[in-house]
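1. here is the input, now give the coordinates:
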Amino acid sequence: MSEAIFRMPICVGEDSIDVLSHVNNKEYLRWMEEAATLHAASCGWDFEALRAVNRTWVARQHWIEYLRPALLGDQLELCTWVQSAKRVSSLRRYALRRGDELLMVGATEWVLVDFEKRRPALITDDIIGCFAPLAPEAPELKALGISRLVRFAPSPGL
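-> Purely as a prediction, here's the structure:
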């Protein structure tokens, strides 16, 4: 089992900056996907391991709430964790910080898919068991100063 909260350091470079001189919105989504992929790999579930069992994760919905701008040269930390899993879907949370300052909160509803059939597949215990889901009120989140989570409306029944 890996750490419940995965941390990805980010140094904001020129390619991430938009015409308003702050990080472009698309970068946050790219970073979220990268952190989720790295977290899964740290648990032993990289693309190749999932492909070996004919599975892959696909994003169904994303939610992002921008709280403060990130700027060129900022040293950031993107935290991500799995909050919950249902039959075929998992809710993953994100929090982007600059030091103790919270810049963004986000969430993604991921669906496990049969790679060949391109249809939802049941999440097995060996897959979800390595992620150690965290409830919104978990002390580990409070210790990082993450008390605010993005508002969203997840899909019913997945």
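2. residues in contact with stretch 136-155: which ones?
-> Identification of contacts with stretch 136-155 by C-beta atoms under 8 Å, 6 or more residues apart in numbering yields 4-5, 60-61, 63-65, 67, 79, 81, 83, 89, 91, 93, 95, 97, 100, 102, 105-107, 109, 134. All C-beta spots, glycine's among them, are computed from the backbone N, C-alpha and C.
3. quick one: that stretch to chain centroid distance?
-> The chain centroid and the centroid of stretch 136-155 are separated by 12 Å, computed with C-alpha atoms, centre = their mean, to the nearest Å.
4. now do the buried residues in the top helix by length along the chain.
-> Longest among the helix segments of the chain by residue count, using DSSP state H, is helix 25-42. Neighbour-count burial for helix 25-42, counted by 16 or more other C-beta atoms under 10 Å, picks out 27-29, 31-32, 35-36, 38-41.
5. which strands or helices does it pack on?
-> strand 6-11, strand 55-66, strand 75-85, strand 89-98, strand 101-114 (3 or more C-beta pairs under 8 Å, 6 or more residues apart in numbering; DSSP states H and E).
6. any idea which of these is most buried?
-> Compared across these, strand 89-98 shows the largest average neighbour count, a mean of 23 (mean count of other C-beta atoms under 10 Å).
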